[in-house]
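**Q** Could you work out the structure for the sequence below:
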Amino acid sequence: MADPRLAPAIELASKYLAGIEPRWSHVQAVGRTAETICAAHGITIDLAAAAWLHDIGYAPQMAETGFHPLDGARFLASIGATNLVVSLVAHHSGATFEADERGLAGELAEYPEPPDEISDVLVLIDMTTSPDGHRVSVDDRLTEILTRYPEDDPVHRAIVRSSDSLRQAAARAAHRLGLADVRGIPVL
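**A** Numbers count the residues shown, from 1 in each chain. This next block holds a predicted model:
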């Protein structure tokens, strides 16, 4: 059962992302995994809230710039989400690289970067969850993203540039959390 403090985040995610598949399956898996990790490791519940909301910027109602971390962060800031949730959504999973590729680095910089020890956990969870919500290795997830977007797409270019930092962030989080890493697949 979800922490009752997460109800607003889960309701928002459901309202805006349910029905957008496979995005909704991915978000549910990321959110549930974050809930488990937060409870087991005493991590702020804001991480789990951000996990449920990390892709809310994909909702058609949010699409202002077409860059989902920024669009999601702007929406969440406008409704009074905590600064940590907003910053985690804004900067999740290599967003700085993609903002640079899209010419939106200045806009993204309006949101302070979250603490690495929390941000790394979100990277770990996001980068080990497939689009349909299954556990995958970081390398498989990165390959899947590169396959989904053509080489000239800003997402593809950003993933090429950010792959090493995403792997390092996931590895740091797995190490800090004491999670086993078998053939690149953190056991969560």
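
**Q** and His156, what does it touch?
**A** Each residue near His156 by CB atoms under 8 Å, 6 or more residues apart in numbering is listed here: Ile145, Leu146, Tyr149, Pro150. Every residue, glycine included, has its C-beta placed from N, CA and C.

**Q** show me what contacts the second one?
**A** When the contact criterion is CB under 8 Å, 6+ apart, the partners of Leu146 are His156, Ile159, Val160.

**Q** ok, 7 Å please
**A** If you count contacts by CB atoms under 7 Å, 6 or more residues apart in numbering, Leu146 has them with His156, Ile159.

**Q** Could you verify that it is part of a helix?
**A** Yes: applying DSSP: H, G, I helix; E, B strand; the rest coil, one finds Leu146 inside a helix.

**Q** which residues in this structure form strands?
**A** 181-182, 185-186 (DSSP state E).

**Q** about what we covered before: restricted to buried residues, select the contacts of His156 in ChimeraX.
**A** The buried subset of the contacts of His156, as determined by 16 or more other CB atoms under 10 Å, is captured in ChimeraX by this line:
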select :145,146
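
**Q** Now for the contacts of His156: which two are most distant?
**A** Ile145 and Pro150 (11.8 Å; CB to CB).

**Q** so for stretch 167-186, what's the average pLDDT?
**A** For stretch 167-186, the mean per-residue pLDDT is 81.

**Q** Extract the C-alpha set from it and format it as PDB.
**A** The C-alpha trace of stretch 167-186 is given here as PDB (Å, rounded to 0.1, in the frame of the first residue of the first chain):
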ATOM      1  CA  ARG A 167      25.800   4.800 -15.800                       C
ATOM      2  CA  GLN A 168      27.900   6.400 -13.100                       C
ATOM      3  CA  ALA A 169      24.900   7.900 -11.300                       C
ATOM      4  CA  ALA A 170      23.100   4.600 -11.300                       C
ATOM      5  CA  ALA A 171      26.200   2.800 -10.000                       C
ATOM      6  CA  ARG A 172      26.700   5.300  -7.200                       C
ATOM      7  CA  ALA A 173      23.100   4.900  -6.200                       C
ATOM      8  CA  ALA A 174      23.200   1.100  -6.300                       C
ATOM      9  CA  HIS A 175      26.400   1.200  -4.200                       C
ATOM     10  CA  ARG A 176      25.000   3.700  -1.600                       C
ATOM     11  CA  LEU A 177      21.800   1.600  -1.300                       C
ATOM     12  CA  GLY A 178      23.800  -1.700  -1.000                       C
ATOM     13  CA  LEU A 179      22.000  -3.100  -4.000                       C
ATOM     14  CA  ALA A 180      23.500  -6.100  -5.800                       C
ATOM     15  CA  ASP A 181      24.500  -5.500  -9.400                       C
ATOM     16  CA  VAL A 182      24.400  -8.700 -11.400                       C
ATOM     17  CA  ARG A 183      25.600  -8.300 -15.000                       C
ATOM     18  CA  GLY A 184      24.600  -4.700 -14.900                       C
ATOM     19  CA  ILE A 185      21.100  -5.200 -13.600                       C
ATOM     20  CA  PRO A 186      20.700  -3.700 -10.100                       C
END
